[in-house]
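Trainee: pasting a predicted model and its sequence here:
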Amino acid sequence: MTIQFSNSRLLKTALFSLLLLTSIFVAACGGPPGGGPPRGGVSIDLSARSADELAAIRTTAGLDISLFMDGALAEDVTTEDCTLSGGTETTCYRITLAGYPANHETGPFCPRNLTDSAEEGGIWFDGNGVYDLDGSFIAELAEFYADENWKLYNDDGSIRVTDTEEAFDGAARPNVEEQYQNHCVEGRLEWLPNGEPITTTLLIPTTPVPAEEGTAISRINVGLTLNGVVIAAPAPVDAILSAYTIAAFDDCGGHYNPNDGYHLHGARGCSEVGEADHGETPIFGYALDGYAIHSPLDHHAEDHAELDACNGHYTEALGYHYHANSAQDNAVLNCLTGEISQ
Ligand SMILES: [Zn+2]
Ligand SMILES: [Zn+2]
């Protein structure tokens with residue numbers, strides 16, 4: 001399947017729906033690492049780019065290591081030879097993320113009682129909206145998802161939360177164990193192996209290389225945040241909801257699973273660095289292809305930004321960079337336009 005490079009919002013929506021469909025069946029939220037092919041099944045045709053456009057994009061500088069927050073990286077960044085997805089032989093940074101946000105604590109995730117306010121819970125997003133996880137959201141799930149099998153609370157008003165390591169392991173996975181259905185699912189740092197954050201090592205091209213074909217993000221990680229966390233593929237919302245679970249995010253758009261530790265699914269402004277120029281938003285991370293990821297644009301700015309099918313655009317001040325989707329889309333980015341490390 002080929003999708004023409006275009007600024008049409010309709011096309012972006014179509015592409016996004018396709019990616020969501022392909023992502024339903026993968027284990028973004030709890031599958032074992034390293035399974036299956038690294039690329040999605042959708043190709044994105046980038047051939048409509050003009051030579052001038054490409055020449056401008058090629059001037060984009062690579063990742064700026066000085067932007068990482070203190071504590072975001074578990075090891076010093078090194079450089080090594082690497083071969084990229086389009087066959088380009090170049091050098092890559094080897095970056096090992098600390099796996100825990102350098103600038104904030106994680107949580108809260110699930111509320112504990114139907115009377116709890118939004119402050120006592122995190123958020124949920126399902127591709128349609130972002131919702132505060134307060135007690136009344138939990139109380140109204142059956143109505144909200146039009147399915148009377150939903151009941152995440154006991155008759156005394158307490159909410160059924162995965163409150164042991166065993167329950168977390170049984171529920172924070174695509175095939176939720178039956179006894180943990182109808183639970184609000186959350187994890188804790190102390191339940192990870194040795195009670196430590198899970199570090200992740202990524203190879204990122206030192207200079208981004210525009211690709212001839214885009215890479216769809218259905219099961220690969222998207223990139224990394226400047227506070228030291230992996231930006232993951234979309235959460236498998238349909239699998240989560242079909243088990244009558246809510247895989248709660250904290251207000252920063254991240255949550256735990258036993259294999260990946262704390263990881264991010266939605267851009268919520270928690271790892272931004274620096275100020276933004278007029279019509280722009282601050283950088284908060286980098287994609288696997290080495291291009292910067294900035295916070296979402298508001299609708300007015302987006303109308304002027306001429307974002308491409310992967311939410312990227314070139315500006316003289318910033319070079320080529322992406323703008324994250326809003327968290328409600330459950331996809332920080334839908335695709336990448338640069339080559340990525342094999
Ligand atoms: Zn997840
Ligand atoms: Zn921009």
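Mentor: Sure thing, it's come through. Numbering: from 1, shown residues only. Ligands and ions are numbered 1, 2, ... in the order given.
Trainee: from the stretch 151-300 of the chain, which residue is nearest to ligand 1?
Mentor: For the stretch 151-300 of the chain and ligand 1, the shortest gap (CB to the ion) falls at A235, measuring 4.7 Å. Where C-beta positions appear, they are placed from N, C-alpha and C, glycine not excepted.
Trainee: relative to N330, how far out is that residue?
Mentor: Using CB to CB, to the nearest Å, we find A235 at a distance of 6 Å from N330.
Trainee: cool, P108 as well?
Mentor: For P108, the distance to N330 equals 20 Å [CB to CB].
Trainee: in the stretch 201-342 of the chain, which spans are helices?
Mentor: For the stretch 201-342 of the chain, the helices defined by DSSP state H, counting those that start in this stretch occupy 237-242, 299-305.
Trainee: just the ones you listed: most buried one?
Mentor: Highest mean neighbour count of these: helix 237-242, a mean of 19 (counted as mean count of other CB atoms under 10 Å).
Trainee: would you mind checking the average pLDDT for it?
Mentor: Helix 237-242 comes out with an average pLDDT of 96.
Trainee: the helices in the stretch 1-150 of the chain, which residues?
Mentor: Taking DSSP H, counting those that start in this stretch as the criterion, the stretch 1-150 of the chain carries its helices at 9-23, 51-57, 135-139, 141-144.
Trainee: where among those is the average confidence lowest?
Mentor: Of all those, helix 9-23 has the smallest average pLDDT, which comes to a mean of 45.
Trainee: OK, contacts around N325?
Mentor: N325 is in contact with A267, P296, N311, A331, V332, L333, N334, counting by CB atoms under 8 Å, 6 or more residues apart in numbering.
Trainee: and which of those residues is nearest L84?
Mentor: Using CB to CB, L333 comes nearest to L84 of the contacts of N325, at 17.9 Å.
Trainee: burial measure for the closest one, as a count.
Mentor: Applying other CB atoms under 10 Å, we find 25 residues neighbouring L333.
Trainee: tell me the spacing between it and ligand 1.
Mentor: Distance, L333 to ligand 1, by CB to the ion, to the nearest Å: 15 Å.
Trainee: what's near enough to touch that residue?
Mentor: I217, V222, G223, A287, I293, C310, N311, Y322, A324, N325.
Trainee: just the ones of those residues in strands?
Mentor: Here DSSP state E is the test, and those give G223, A287, I293, Y322 as lying in strands.
Trainee: wait, isn't the third one in contact with L226?
Mentor: No: counting by CB atoms under 8 Å, L226 is not a contact partner of I293; they are 9.5 Å apart.
Trainee: find residues that contact each of these two.
Mentor: I283, F284, G285.
Trainee: the second one: how many residues sit nearby?
Mentor: Looking back up the chat, that one is F284. Neighbours around F284, by other CB under 10 Å: 25.
Trainee: returning to what we had before: turn the helices of the stretch 201-342 of the chain into CSV, including distance to G338.
Mentor: Putting the helices of the stretch 201-342 of the chain into CSV (distance: least, CB to CB, whole Å) gives the following:
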stretch, distance to G338
helix 237-242, 27
helix 299-305, 18
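Trainee: using JSON lines, lay out those helices together with distance to ligand 1.
Mentor: Formatted as JSON lines, the helices of the stretch 201-342 of the chain follow (distance: least, CB to the ion, whole Å):
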{"stretch": "helix 237-242", "distance to ligand 1": "9"}
{"stretch": "helix 299-305", "distance to ligand 1": "26"}
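Trainee: center of the chain, which residue is that?
Mentor: Nearest to the geometric centre of the chain sits H265, at 3.2 Å (CA atoms, centre = their mean).
Trainee: any idea which strand is longest in the chain?
Mentor: Longest strand in the chain, counting by DSSP E: strand 89-97.
Trainee: quick one: low-confidence ranges for this protein?
Mentor: Applying pLDDT under 70 to the chain flags residues 1-42.
Trainee: who in the stretch 201-342 of the chain is up against ligand 1?
Mentor: A235 (CB under 5 Å from the ion).
Trainee: can we see that at 6 Å?
Mentor: For the stretch 201-342 of the chain, the residues in contact with ligand 1 (CB under 6 Å from the ion) are A232, A235, H255, N257, H263, H265.
Trainee: show me the contacts for the third one.
Mentor: Yep, that's H255 we're talking about. Counting by CB under 8 Å, 6+ apart, H255 touches F109, G122, E186, G187, A247, A248, F249, Y262, H263, H265.
Trainee: one more time with 10 Å
Mentor: Residues near H255 by CB atoms under 10 Å, 6 or more residues apart in numbering: 29, 106-107, 109, 122-123, 172, 185-187, 232, 235, 247-249, 261-266.
Trainee: for it, give its distance to E275.
Mentor: Counting by CB to CB, the gap from H255 to E275 is 29 Å.
Trainee: and for R58?
Mentor: Relative to E275, R58 is positioned 26 Å away (CB to CB).
Trainee: so between those two, which is more surrounded?
Mentor: Ranked by neighbour count (other CB under 10 Å), R58 and E275 place R58 first, with 13 against 7.
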